[in-house]
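S.K.: coordinates for the following, if possible.
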Amino acid sequence: MSVSIDWLAFFQVFVAALIGAVAIVTFYALGLRLLVRSGHAPVVSPAEFTDAITVITEKDLRRAEKQAAKAARKSPLTDGQKRLSLVGAYGCFGLCALAVVAGIIIIVVGH
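M.R.: Numbering: from 1, shown residues only. Sure, this is the predicted structure:
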């Protein structure tokens, strides 16, 4: 019994996966950057689980929220530029979601 590997197809799948991963990570990072630029810095409250370590304290959370609000007030951008950054951020997140859904559809349909 002989196993034959189609190396060209293997390479094509590898390159497609690499390009897809790089595109998703790039758009997500750009979306986060635009979100922060628009004055909507994502501050996540600490999660408390049983038998788990709290990553950030309430005091640190308040400090981070205060710093984010201060940075938003000091932004040199106009309201229109901030709004455009926010729309761009949501667009980048939408492209990430679209790429993930397209990948799932390709896997499920098999084409």
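
S.K.: which stretches in this structure count as strands?
M.R.: Applying DSSP state E to the chain gives no strands.

S.K.: quick one: low-confidence residue ranges for it.
M.R.: Within the chain, the segments meeting pLDDT under 70 span 43-55, 72, 111.

S.K.: which residue is nearest the middle of it?
M.R.: residue 28 (2.9 Å; Cα atoms, centre = their mean).

S.K.: surely that residue and residue 94 touch.
M.R.: No - Residue 28 lies out of contact with residue 94 (Cβ atoms under 8 Å); the separation is 11.1 Å. Quick note: C-beta positions are derived from backbone N, CA and C, even for glycine.

S.K.: rewinding a little: give the contact list for the residue nearest to the centre of the chain.
M.R.: Counting by Cβ atoms under 8 Å, 6 or more residues apart in numbering, residue 28 touches 92, 93, 96.

S.K.: cutoff 10 Å now
M.R.: Neighbouring residues of residue 28 by Cβ atoms under 10 Å, 6 or more residues apart in numbering: 92, 93, 95, 96, 97, 99.

S.K.: doesn't residue 24 make contact with the third one?
M.R.: The one in question is residue 95. Yes - the pair residue 95 and residue 24 qualifies as a contact (Cβ atoms under 10 Å) at a distance of 8.4 Å.

S.K.: nearest to residue 4 among the contacts of residue 28?
M.R.: Relative to residue 4, the closest of those is residue 99; by Cβ to Cβ it sits at 31.9 Å.

S.K.: I'd say the closest one and residue 24 touch.
M.R.: Yes - counting by Cβ under 10 Å, residue 24 is a contact partner of residue 99 at 5.3 Å.

S.K.: gap between residue 70 and residue 1?
M.R.: 69 Å (Cβ to Cβ, to the nearest Å).

S.K.: when these two are compared, which one has more neighbours?
M.R.: residue 70 (9 against 2; other Cβ atoms under 10 Å).
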